[in-house]
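>>> my questions are about this predicted structure, shown below with the sequence.
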Amino acid sequence: MDRVARLGVWLGRAVAALGLLTAVGAAQIVPPPGSPQQLKQLSLEDLMGVKVVTATQVATDPFDLPYLVGTRSLAEYERTLPRSFPMWLDGIPGVMIQKTANGQMSPYIRGFTGFRTLLLVDGIRLNNSFFREGPNQYASTIDPLSASRIEVVKGPASVLYGSDSIGGTINAIPARLLDVALPGWERKVFARAATAEDSQLVHGEVSGPVGAHAALRLAGTRKWLGDLRGGRDVGVQRGTGYDESGYDGRLEYQLRPGLRLELTHQHFDQFDVNRTHSTPNGTTWLGLLPGTDRQRTYSQQRTLTYTRLNAETPGAIFDHLEFTLSRHAQNEQMLRVRSDGRRDTSLAGVDTYGATCQAQRDSRFGRWVGGATYYCDVVNTSANHYLASGAFDRADIQGAVADDSRYDLAGAFVQNQLPAWGPWHLTLRSRYDKASAHARRILDPVTNLPTSFVGRWASVVSSARVTFAPAPTAPQRWLGFAGVSEGFRAPNLSDLSRLDTTGSGQIETPSTNVKPEDYRIYEVGLKFRSSQVEFSTAVFHTMIDDMSIREPTGRIVRGLAEVTKRNSGHGFVHGAEFEGRLSLPADLLLRAAFTTMRGEVDVYPTNDVRLKIREPLSRLMPTTTRLALEWTPPRRQLSLKAGCTLAERQNRLSAADRLDRERIPPGGTPGYTVWDLRATWQPRPKLTLSAVLENLTDRDYRIHGSGLNEPGRNLVLGGSFQF
Amino acid sequence: MKTLHPRLLATAVLWSGALLAAPVTARAAASPGAPAAASRPSTEYDVKAVFILNFARFVDWPDDAFASAQAPFVIGIFGESPILASLRVAITDETIRRRPIVLRALTPADDPRRCQIVFVSRAERSQFPSLRSRLAGAPVLTIGESEKFCEQGGMFNFVLDARSVRFEINRKATTEAGLRVSARLLQLARLVNEKD
């Protein structure tokens, strides 16, 4: 029996012991967080702070959750005016937004990104089996104005969401139309412009009732970005401009009280996003080396269509039922023009069909949530090569991953929040997943002939989380939490069949021997809330087991050293996060956030397979502190905020980081202190005007691991108007 | 996954322990002094129900609003709404100014003047103008959850703002009905002017 089995036995015994202790009457039972019994103990002010998830109608004050959750609302977006969906997450402790290109931003959560963070749109997976290990561009295909809020669950949440949820899970949730009564058609326009980005954005939407029982929303966004101007020394970063556009529609129909049908369609386009660091347009800032490609351009499209049946049936077998059918289509086109004029094109299309169901039942034996998910990816890829003269040279058997492939991911989970035992709440979760891949056309890089592969994997993960709220009804509330959660990542087509150059100048070739990766996180945290002070803090330790890492084979393929994936990486990430606010006299509010983390994993630093060492995790977020002072006078529709971000130098580099001279300066990414000012004015209830002055000192700085510098002094203006 | 069987075994043991413990803790939860519905779902309407209880405590009704000194405090629900179930739980063991609380599901045939509070569900918002005319001058607090409810003469209205429940107050309507609203409520509410 391995350590996991022993942990399960231990937890089972602990839970049984808790029950026995309860049986002898030692405990005072308190209702679960958010129940009317507990809500009655809250002051009016605290009651107004309770968050409700209207989709499931389950009250979920993040304070009561046994983990840290970062949330952002659309109202915050309109006040802070971030330049993209990923930048909306900026500032959440533990989250770093790396930017390979201006339109290709990849959130790192607790040290992980790519296929080790999970992106969801209204609970539907955006991740698919095409996702690669490193930073990717797919989070940039979500139009922030199609969502009403986002939630970031930090740490493994594989038990609820399945594979890939290792560093964290991001969920973009659209507005529920029928939850806000719409007396008539309402129109909204939003506009944003920024000087250093040379960008303009316009957004329009209409929403309103259709008959007595339905509501409709139609919206569209168009954005133009010029070349991004860096700080005072870097100046304009040529080639970084691009355009993007999106539209979405949503129809909700109340079939009968408690039974709702939803239909949503979203589409997003990104046009000609250049990875300038790979070209001579890359900067030479602090010793960076520009790339040699003449051009490296990506375009991508994402279309999501889904329908959901939502039933509230209190008193029936299940209190809440939800069924979802979805189709997610993602396409991308890459153009690479090499220094000698040869051109490579690569196309990829992934159609993901999904079906999920979820049920909730509250009983004397706890609050049960169970569900099943099934996703099927149909993947087609191609790659063509052209001579400098423009003449066709050859077509590859596969593109970035195997062509003509199918990937199935099915899972079922159960969660139970046991009846409270005094101030203690215990939540248990388990999940079983089965993944299978059928890659029909994989290039054998040695024989240059097509081959195929079929693989199947299964995984079981569990989590146990406990909260301790010593005085849940007091005006000053404390809550401690601790937990163990497991995460897993099933091998995807990228692991099994990727054929691409790496950032370190090697060629990654398909591997069919990888197995699921295992992760386990231990986390302890504390939260406090009063009318004057609120904070939450946690320390975490993530154990990495059997991570699939690139292992040199010693062979040369297409003139480059070959690497391929093997489950030979072990390591850890640990860190601490803090977020808090303090009310000061004169209507001032001080906000603070802090993140620090360390991470190490086994790597092969060179092309020598015998040399395996433990090194810092690649592109790890540097220690970062954010401070802000906000002034919001009562009964005035004005808010002013001054903030600064302090990031330490990141010189804990992996071998790949040190080789990545196009993105990481020699010796590491310098630390920085950046000052921002923000003003928001709401002269009328439906008119909001905001101005943000970013990077007051026009400093040159770069987010660790990025392919371009951040904007220099940047005046951002935005406004929204409803009529 | 190196081997699946140890994990399956660990998971089975974990849940066996939890399921063994759950009935025991559940029995304890059902013991005297424990809330009867400790594990029922908490909803948007749970929050609204608790708000309604608070409204009842921060609003003064004239003495003639009650038939007698022992008359209960009546909350009427106009239209089908999950708030009825939430209120049933919320009023357990509660009184308002020493009066027991009675919940009443109202139909158009019922006399709303017998209530101290009438909640108008979103589904019945179109019925509010006629309800309002029947309540004209009566000391009955009307609470809605529809946009422009206060502009149409309603007194309190719930709105959802960034997943939090907020409320609006139409002072003109409460004053005309002879109800006195506490300054504490007024401070927290969004004040709305009724359209003439």
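Received it, and whenever you're ready, just let me know what you need.
>>> so in chain B, where's the weakest helix or strand by average pLDDT?
When each helix and strand of chain B is scored by mean pLDDT, DSSP states H and E, helix B:5-29 comes last, with a mean of 69.
>>> after it, which helix or strand is next?
Using DSSP states H and E, the helix or strand that directly follows helix B:5-29 along the chain is helix B:44-58.
>>> close to chain A, is that following helix?
Yes: Helix B:44-58 reaches chain A (CB under 8 Å from any CB of the partner chain) through B:44-47, B:49-51, B:53-54, B:58. Every residue, glycine included, has its C-beta placed from N, CA and C.
>>> kindly export that helix (C-alpha atoms) in CSV.
Backbone C-alpha positions of helix B:44-58 (Å, rounded to 0.1, in the frame of the first residue of the first chain) are rendered in CSV as follows:
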residue,chain,number,x,y,z
GLU,B,44,-30.3,33.6,-3.0
TYR,B,45,-33.7,33.4,-1.4
ASP,B,46,-32.2,32.4,2.0
VAL,B,47,-30.4,35.7,2.0
LYS,B,48,-33.6,37.5,0.9
ALA,B,49,-35.6,35.7,3.6
VAL,B,50,-33.2,36.9,6.3
PHE,B,51,-33.3,40.4,4.9
ILE,B,52,-37.1,40.3,5.2
LEU,B,53,-36.8,39.4,8.8
ASN,B,54,-34.4,42.3,9.3
PHE,B,55,-36.7,44.6,7.5
ALA,B,56,-39.5,43.6,9.9
ARG,B,57,-37.2,44.6,12.8
PHE,B,58,-36.1,47.9,11.4
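>>> near chain A, anything from the helix or strand following that helix?
Sequence order places strand B:59-60 as the next helix or strand after helix B:44-58, per DSSP H and E. No: residues of strand B:59-60 contacting chain A under CB under 8 Å from any CB: none, with a closest distance of 12.7 Å.
>>> who are the packing partners of the helix or strand following strand B:59-60?
Going down the chain from strand B:59-60, the next helix or strand is strand B:73-78, by DSSP H and E. Applying 3 or more CB pairs under 8 Å, 6 or more residues apart in numbering or on different chains; DSSP states H and E, one finds that strand B:73-78 contacts helix B:44-58, helix B:83-90, strand B:99-106, strand B:117-120.
>>> between helix B:44-58 and strand B:73-78, find me the angle.
140 degrees (axes from the mean of the first three to the mean of the last three CA atoms, to 10 degrees).
>>> please state the offset of strand B:73-78 from the chain centre?
10 Å (CA atoms, centre = their mean, to the nearest Å).
>>> got a list of contacts for it?
With CB atoms under 8 Å, 6 or more residues apart in numbering or on different chains as the test, strand B:73-78 has contacts from B:52, B:56, B:66, B:83-84, B:87, B:91, B:95-97, B:99-106, B:110, B:112, B:114-121, B:124, B:127, B:131.
>>> for chain A, what spans make up the helices?
A:3-23, A:36-39, A:44-49, A:74-80, A:85-88, A:158-161, A:493-497, A:655-659 (DSSP state H).
>>> spatially central residue for chain B, please.
Central residue of chain B (CA atoms, centre = their mean): B:Ala49, 2.1 Å from the mean position.
>>> which ones are touching it?
So B:Ala49 contacts A:36, B:83, B:86-87, B:89-90 (CB under 8 Å, 6+ apart).
>>> out of the residues you listed, which end up buried?
A:36, B:83, B:86-87, B:89-90 (16 or more other CB atoms under 10 Å in any protein chain shown).
>>> what's the closest non-adjacent residue to B:Ser170?
Let me fix one detail, which is that residue B:170 is Asn and not Ser. B:Cys150 (3.9 Å; CB to CB, 6 or more residues apart in numbering or on different chains).
>>> I'd say the one you found and B:Ala173 touch.
Yes: with contact defined as CB atoms under 8 Å, B:Cys150 counts as touching B:Ala173 (7.4 Å).
>>> under the pLDDT cut-off, which ranges of chain B? List them.
Scanning chain B for pLDDT under 70 picks out B:1-4, B:21-43, B:161-163, B:194-196.
>>> now with 50, please.
B:1-2, B:28-42 (pLDDT under 50).
>>> and residue 44, how many neighbours does it have?
No chain specified, so I'll use chain A. 19 (other CB atoms under 10 Å in any protein chain shown).
>>> switch to chain B, that's the one I care about
There are 24 residues near B:Glu44, going by other CB under 10 Å.
>>> chain B contacts on the stretch 301-450 of chain A?
A:312, A:314, A:319-320, A:360, A:362-367, A:414, A:416, A:418-421, A:426, A:428, A:430.
>>> for residue 134, what are phi and psi?
Let's take chain A. With angles defined as degrees, to the nearest 10, A:Gly134 sits at phi -80, psi -170.
>>> not quite, go with chain B.
phi -70, psi -20.
>>> for it, which non-adjacent residue is spatially closest?
Using CB to CB, 6+ apart, the nearest residue to B:Arg134 is B:Pro112, at 6.1 Å.
>>> can you tell me how far that neighbour sits from B:Pro139?
12 Å (CB to CB, to the nearest Å).
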